[in-house]
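**Q** What shape does this take:
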Amino acid sequence: MRVLNIPLLVLLLTTSVPFSIYGQELKNHQRGDLAPDFSTLTLSGDEISLSDFRGKYVLLNFWGSWCQPCHTALPDLWEAYEEFSDDDFAIIGIALESSEETAITFIDNYKVKWPNVVQLVDSKQPIIESYNVQGYPYYYLINREGKIAEFGVGGFFTNRLMDILTYYIDQ
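**A** Take a look at the predicted model:
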């Protein structure tokens, strides 16, 4: 009869192990990690790459029009955009939507000025997957060197957004 090694089993079950979607290994990102680069088209048809923003702080805003907390967060994002967009700061929105038209309607209704890209629900979502987004809205603040400075989900992050940006940008 085999004896079950409970401490080993607990260790194996609680260890953070990278996993894979579409054959791409995903991991939990940490502060200081190099942010995964991406290149794609914005909803306005412009090509955008995260690496184009080196030298600036970039807030990646993962959102969806179906997400009520994403609607609620917009005043905080607008405040950050208006306060810091002239100070080497940019926001890039990454929407998870069923269609581009849905995202465009949301952006038009809220008069969003920062660039946005869409990852469609029924297709691969390489940006969302590379950042291992697990909830909405989700945020990554990327520093001037292209490394992850901060990250978080929902109101917990946006309620502190101005303090976070002031801390980093005014250094």
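**Q** Only C-alpha atoms from now on, for both contacts and neighbour counts.
**A** Will do.
**Q** For this structure, which segments count as helices?
**A** Taking DSSP state H, the helices of the chain run over residues 6-14, 68-84, 100-110, 126-130, 154-158, 161-169.
**Q** Check which helices and strands the second one sits against.
**A** The contact analysis (3 or more CA pairs under 8 Å, 6 or more residues apart in numbering; DSSP states H and E) places helix 68-84 against strand 89-97, helix 154-158, helix 161-169.
**Q** residues of stretch 32-46 that come out buried?
**A** Buried residues in stretch 32-46, counted by 16 or more other CA atoms under 10 Å: A35, T42, L43.
**Q** residues making contact with stretch 157-171?
**A** Residues from elsewhere that reach stretch 157-171, judged by CA atoms under 8 Å, 6 or more residues apart in numbering: Y57, A73, D76, L77, E79, A80, D87, D88, F89, Y139, F151.
**Q** Lowest pLDDT pick from the residues you listed?
**A** Minimum pLDDT for those is recorded at D87 (70).
**Q** And for that residue, the neighbour number?
**A** The number of residues packed near D87 is 12, by other CA atoms under 10 Å.
**Q** Redo the helices of the chain as a markdown table? Include mean neighbour count.
**A** Shown next, in a markdown table, are the helices of the chain (neighbours: other CA atoms under 10 Å):
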| stretch | mean neighbour count |
| --- | --- |
| helix 6-14 | 10 |
| helix 68-84 | 16 |
| helix 100-110 | 15 |
| helix 126-130 | 17 |
| helix 154-158 | 17 |
| helix 161-169 | 15 |
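**Q** So which of these is nearest L50?
**A** Closest of the helices of the chain to L50 is helix 126-130, at 10.6 Å (criterion: CA to CA).
**Q** Against which helices or strands is that closest one packed?
**A** Here helix 126-130 is seen to pack against strand 116-120 when contacts are counted using 3+ CA pairs under 8 Å, 6+ apart.
**Q** buried sites along the strand it packs on?
**A** Under the neighbour-count criterion of 16+ other CA under 10 Å, strand 116-120 has N116, V117, V118, Q119 buried.
**Q** tell me which strands and helices that strand is in contact with?
**A** Where contact means 3+ CA pairs under 8 Å, 6+ apart, strand 116-120 is packed against strand 89-97, helix 100-110, helix 126-130.
**Q** switch to 7 Å and redo it
**A** strand 89-97 (3 or more CA pairs under 7 Å, 6 or more residues apart in numbering; DSSP states H and E).
**Q** Could you list every helix and strand in contact with the strand it packs on?
**A** Packed against strand 89-97 by the contact rule (3+ CA pairs under 7 Å, 6+ apart) you find strand 57-63, strand 116-120.
**Q** All good on my end, thank you.
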